[in-house]
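sequence unknown, structure follows:
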């Protein structure tokens, strides 16, 4: 006989690579999971128990998809919050809560809430109305040029973020302005919390970004930080999860400046690029942990299976768009503790996330050496279709 959880009708808004990877532990537990995505060729489409083609940011599509479900979760934040609120009022369990999704959709609201609740954030201010008010805002918020400018809504993976040096750079408003932190390191902490209030936290990971695309290039876990800083980061991520009433998994991204001070950069209440190493590298992957948290199950162990784990993003090359062909599989598969993940996206575009490769090692030097080897062997090129 199927358990109560196996009888639940579950759904995911979004069928990208995160949705695909969420379906792996769902299959392992024989869960029935439907997926809503605009593209019938999305990575999760073929793995879902039921796939629905539709827009996760359209009220009617989300309402129609969710009304027959028991529980609905997300793999992307750009979803229709009002539809989720209406589904919740009809008795559908929505995790994370619509209020949390609405919060992270607006970077200014997110920053303001974190500030009001005492969490460390960069100095910031909202520029709206007219660019002529820039000077007054800078004085009032103790900012200076150059500073970081972000569009409050819609940006991701470094998009919608730029360095503001001169007022004539301003084209669209509103803009969230933030002080420039003298960054020493960027850290992500994955924290999970279930409805019973149980918490699970993974070791902080060090994120290294591409200077041109501003996207995550690779990560190493655990981060090379002191025990005191590790404790401070984990404590802060845990307090944020409790403060906002998180039910699910969340990445808390931090800046660490050259004095060792920490600042919360952004929240992502879903599985995250900075947690892909947990598939092979942790006892319980972030994707299984997300299901545990949204289903109010006990958290799984976050312990690493190897002293060090690294994950390298595979992104579309800058020189073409089209059907991808992957070179170097054989060479990588001949090496121990190298794990290749291809997301199954039919078209490559410059800087589009196409997959990732995870390596395990006994030292940081070993995993960094493996990353260098992977770069020399594995690449994407345009497929020659006959």
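Yep, it's here. Computed from a prediction, not measured in an experiment: that's the story for all the values here.

Next up, the contacts around the closest residue to residue 119 other than its chain neighbours.
Among residues not flanking residue 119 along the chain, residue 264 sits closest, at 5.4 Å (Cβ to Cβ, 6 or more residues apart in numbering). No exception for glycine: its C-beta is placed from N, CA and C like everyone else's. Counting by Cβ atoms under 8 Å, 6 or more residues apart in numbering, residue 264 makes contact with 114, 119-121, 236, 240, 252-254.

Next up, phi/psi of residue 264, please.
phi -80, psi 130 (degrees, to the nearest 10).

Just the pLDDT for it.
At residue 264, the pLDDT value in this model is 98.

Need the contact partners of the helix of greatest length in the chain.
In the chain, assigned by DSSP state H, the helix with the most residues is helix 227-244. For helix 227-244, the external contacting residues (Cβ under 8 Å, 6+ apart) are 100, 103, 113-114, 117, 119-120, 187, 189, 191-193, 197, 199, 201, 203-204, 222-223, 225, 246, 250, 252, 254, 256, 260, 262, 264, 267.

again, only this time at 6 Å
The contact list for helix 227-244 (Cβ atoms under 6 Å, 6 or more residues apart in numbering) reads 100, 117, 189, 191, 193, 199, 201, 204, 252.

Dump those residues into JSON lines; add secondary structure and neighbour count as well.
Output for the contacts of helix 227-244, formatted as JSON lines (DSSP: H, G, I helix; E, B strand; the rest coil; neighbours: other Cβ atoms under 10 Å):
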{"residue": "100", "secondary structure": "helix", "neighbour count": "22"}
{"residue": "117", "secondary structure": "coil", "neighbour count": "11"}
{"residue": "189", "secondary structure": "strand", "neighbour count": "27"}
{"residue": "191", "secondary structure": "strand", "neighbour count": "27"}
{"residue": "193", "secondary structure": "strand", "neighbour count": "24"}
{"residue": "199", "secondary structure": "strand", "neighbour count": "16"}
{"residue": "201", "secondary structure": "strand", "neighbour count": "19"}
{"residue": "204", "secondary structure": "coil", "neighbour count": "27"}
{"residue": "252", "secondary structure": "strand", "neighbour count": "29"}
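
now residue 121: how far from residue 107?
11 Å (Cβ to Cβ, to the nearest Å).

Kindly report the same for residue 256.
In terms of Cβ to Cβ, residue 256 sits 20 Å off from residue 107.

repeat for residue 95
Residue 95 is 22 Å from residue 107, by Cβ to Cβ.

repeat for residue 233
Going from residue 233 to residue 107 by Cβ to Cβ gives 21 Å.

ok, for the spatially most central residue of the chain, nearest residue in space, not its chain neighbours?
For the chain, the residue nearest the mean C-alpha position is residue 272 (2.9 Å; Cα atoms, centre = their mean). Closest residue in space to residue 272, ignoring its immediate chain neighbours: residue 251 at 3.5 Å, by Cβ to Cβ, 6+ apart.

And the residue nearest to residue 119, how far from residue 55?
31 Å.

Repeat that for residue 42.
Distance from residue 42 to residue 55, by Cβ to Cβ: 12 Å.

quick one, strands of the stretch 251-386 of the chain?
For the stretch 251-386 of the chain, strands defined by DSSP state E, counting those that start in this stretch occupy the ranges 262-268, 308-315, 324-327, 338-342, 353-361, 379-382.

Just send the ones you listed back as a markdown table, with distance to residue 71 too.
Converted to a markdown table, the strands of the stretch 251-386 of the chain look like this (distance: least, Cβ to Cβ, whole Å):
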| stretch | distance to residue 71 |
| --- | --- |
| strand 262-268 | 20 |
| strand 308-315 | 29 |
| strand 324-327 | 34 |
| strand 338-342 | 26 |
| strand 353-361 | 27 |
| strand 379-382 | 36 |
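
Lowest average confidence across those, which one?
strand 379-382 (a mean of 88).

can I see the domain layout of this structure?
As assigned by automatic domain parsing, the chain contains the domains 9-94, 123-178, 183-382.

Kindly reformat those as JSON lines containing distance to residue 3.
Below are those laid out as JSON lines (distance: least, Cβ to Cβ, whole Å):
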{"stretch": "domain 9-94", "distance to residue 3": "9"}
{"stretch": "domain 123-178", "distance to residue 3": "36"}
{"stretch": "domain 183-382", "distance to residue 3": "11"}
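
Which of those comes out lowest on mean pLDDT?
Mean pLDDT, when computed for each of the domains of the chain, is lowest for domain 123-178, at a mean of 89.

Out of the strands of the stretch 251-386 of the chain, which is closest to residue 295?
strand 262-268 (19.9 Å; Cβ to Cβ).

Sheet partners, orientation included, of the closest one?
Sheet partners assigned to strand 262-268 using DSSP bridges are listed as strand 248-257 (antiparallel).

So which of the contacts of residue 264 is the closest to residue 314?
Distances from residue 314 to the contacts of residue 264, taken by Cβ to Cβ, are shortest for residue 253, at 21.0 Å.

State the distance from that closest one to residue 267.
8 Å.
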